[in-house]
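Peer 1: With the sequence up front, the predicted model follows.
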Amino acid sequence: MSPLSRRALLAGASGTALALTLPSTAGAQEVAYAAFRLVRARPGEPGQPEITLPEGYEFVPGAKYHAGSRAEYYSFVRGPANAAGIVVAVHWPGVAVSDVVHMDTRLRVERDPSDRSRFTFVLPVTLPTADANQPTIQIWSHPDRSEGMHLKLDHNDPDRVAGPWLTVPWPGNAARSQLHQLIAAHAVLLDSGLKDTAAAKGHRWFLAGFETNNTLHTDNPPHWHLSYNSGADFDSPTHNTHFWLNSGAENFYNGMDVTGLGRLKHYVGDPARIYDFVGDANDGRGDLVATVTIRTDGGLDIAPPSGPGYAVAAGRDGTLVEEVTVLRGGEPWLRVTTEDRYRIGVLIVQVLGLRDASESRVSVMRYDRLTGVLL
């Protein structure tokens, strides 16, 4: 056994040094991937532990598959598929690790009683690609995955920044505003009937924000999505909007990726039309589903083909940072604000009915602070 076959990663190792060779005996076996995240008990200077894998397994080569932040360290491995799991050994002197996460699960940690800086855990290696392990490194919540809708909320923590986010100021305003806007857009899709119409066709809306720690999906600059899949997921023909947010949390650009057409660019005042790809109308893009237009206040107009128009507009202070105002038929309808206490796993959503007090609500969404799984 060569010295490198077991010692897979040392502190300070380069991305090139990670490119070990799988044993030839693995060639006939199914190669699978896994990722794990080491969560530090206290944030501190980013570091890299010594990690040892068993014979026959290696780290996925490339710096993007191994990232450290003030709050954690994550890495990706590959080798023969093993649902029972492989034993991974970690030595991280001077750093207390509270948890190890794989996908949506906290793995059991076995600590060395003679040296608390050493521990092991059992890692299942089952997934077909490295990308399939993205839930390991993301803290996502999915409060609505009903027919016609997938609402995904991203919980961003400045102590978890990785990749390009290490080189830019923390986008705190955008991180707050995206949640206000996502909750507001979700309310619009429900009230307008756009969700039900999509569901009746077997289609769905996809609402999601941006991530600041995922080196596999760098998501820079900050943006959010109000996208339409003409089917059950992104394998279907899609209009995938990207609403870029500036430092004041204003939408200023929509790069809408359309199947077969590439990226269509829209700025303030430019209508971006979303079609259903059903039938031959509109040059084969099908019937009109909705039109979205960036407003001069940095908000977003959402217009169904018929019925009243809606808008996610600036709040009382003229920005979208503290709150957003939802308009229906040009009149104030709702006021929406969110507060994400990501370090304890609590998202507070406040909706104030501006026409009808019965539409007011306060909801407290509790989620696992390390995985985003709703409790």
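Peer 2: Right, received. Where do you want to start?
Peer 1: close enough to count as contact, residue 291 and residue 310?
Peer 2: No: at 11.0 Å, residue 291 does not count as touching residue 310 under the criterion of CB atoms under 8 Å. Quick note: C-beta positions are derived from backbone N, CA and C, even for glycine.
Peer 1: Buried residues, stretch 100-109. List them.
Peer 2: The neighbour-count check on stretch 100-109 (16 or more other CB atoms under 10 Å) flags 100-103, 106-107 as buried.
Peer 1: and of those residues, the nearest to residue 301?
Peer 2: Ranked by distance to residue 301 (CB to CB), the buried residues of stretch 100-109 are led by residue 103 at 38.3 Å.
Peer 1: Let me see the ranges of the helices in the stretch 1-150 of the chain.
Peer 2: 134-137 (DSSP state H, counting those that start in this stretch).
Peer 1: Spell out, range by range, the strands that occur in it.
Peer 2: For the stretch 1-150 of the chain, the strands defined by DSSP state E, counting those that start in this stretch occupy 7-9, 31-40, 50-52, 58-59, 66-68, 72-80, 82-91, 97-102, 105-107, 109-112, 115-125, 140-144, 149-154.
Peer 1: Which neighbours in the sheet does the last one have, and how are they oriented?
Peer 2: What that stands for is strand 149-154. strand 140-144 (antiparallel), strand 204-208 (parallel) (DSSP bridges).
Peer 1: So which of those is nearest residue 93?
Peer 2: The minimum distance between residue 93 and the strands paired with strand 149-154 falls on strand 140-144, with 32.1 Å, by CB to CB.
Peer 1: In that closest one, which residues are buried?
Peer 2: Of the residues in strand 140-144, 140-141, 143-144 count as buried by neighbour count, 16+ other CB under 10 Å.
Peer 1: Check stretch 254-269 too.
Peer 2: By 16+ other CB under 10 Å, the buried positions in stretch 254-269 come out as 254-256, 258, 266.
Peer 1: same check, this time on stretch 300-314
Peer 2: Within stretch 300-314, the residues scored as buried using 16+ other CB under 10 Å are 300-304, 309-314.
Peer 1: tell me the mean pLDDT over that stretch?
Peer 2: Stretch 300-314 comes out with an average pLDDT of 96.
Peer 1: Kindly report the same for stretch 36-44.
Peer 2: The average pLDDT within stretch 36-44 is 98.
Peer 1: what's the answer for stretch 79-98, then?
Peer 2: Per-residue pLDDT values over stretch 79-98 give a mean of 98.
Peer 1: Show residues contacting that stretch.
Peer 2: Stretch 79-98 is contacted from outside by 22, 26, 29-32, 36, 38-42, 44, 47, 49-54, 56-58, 77, 109, 116-126, using CB atoms under 8 Å, 6 or more residues apart in numbering.
Peer 1: Which ones among the buried residues of stretch 254-269 lie within strands?
Peer 2: With DSSP state E as the criterion, strands contain 254-256, 258, 266 from among the buried residues of stretch 254-269.
Peer 1: Filter the contacts of stretch 79-98 down to the buried ones.
Peer 2: 26, 32, 36, 38-40, 47, 49-53, 56-58, 77, 117-126.
Peer 1: Can you give me the first-to-last residue distance of stretch 221-235?
Peer 2: Counting by CA to CA, to the nearest Å, you get 24 Å between the two ends of stretch 221-235.
Peer 1: gap between it and the chain center?
Peer 2: How far stretch 221-235 lies from its chain's middle: 12 Å, per CA atoms, centre = their mean, to the nearest Å.
Peer 1: cool, stretch 137-149 as well?
Peer 2: In terms of CA atoms, centre = their mean, the centre of stretch 137-149 is set 10 Å apart from its chain centre.
Peer 1: Could you check how far the residue lying closest to residue 323 once chain neighbours are set aside is from residue 252?
Peer 2: Distances taken as CB to CB, 6 or more residues apart in numbering put residue 315 closest to residue 323, at 3.7 Å, once the chain neighbours are dropped. Computed as CB to CB, to the nearest Å, the residue 315 to residue 252 distance reads 17 Å.
Peer 1: neighbour-wise, which of these two wins?
Peer 2: Legend: neighbour count by other CB atoms under 10 Å for residue 315 and residue 252, higher for residue 315 (19 against 14).
Peer 1: quick one, domains of this protein?
Peer 2: The chain breaks down by automatic domain parsing into domains covering 7-135, 138-366.
Peer 1: shaky segments in the stretch 251-375 of the chain?
Peer 2: Low-confidence segments of the stretch 251-375 of the chain (pLDDT under 70): none present.
Peer 1: And the strands in it, which stretches?
Peer 2: Ranges of strands in the stretch 251-375 of the chain, per DSSP E, counting those that start in this stretch, are 251-258, 262-267, 272-275, 288-294, 300-303, 310-314, 324-328, 331-341, 346-353, 361-366.
Peer 1: before we move on, the earlier item: can I get the ones in strands among the buried residues of stretch 254-269 in CSV with distance to residue 178?
Peer 2: Output for these, formatted as CSV (distance: CB to CB, whole Å):
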residue, distance to residue 178
254, 14
255, 16
256, 17
258, 22
266, 18
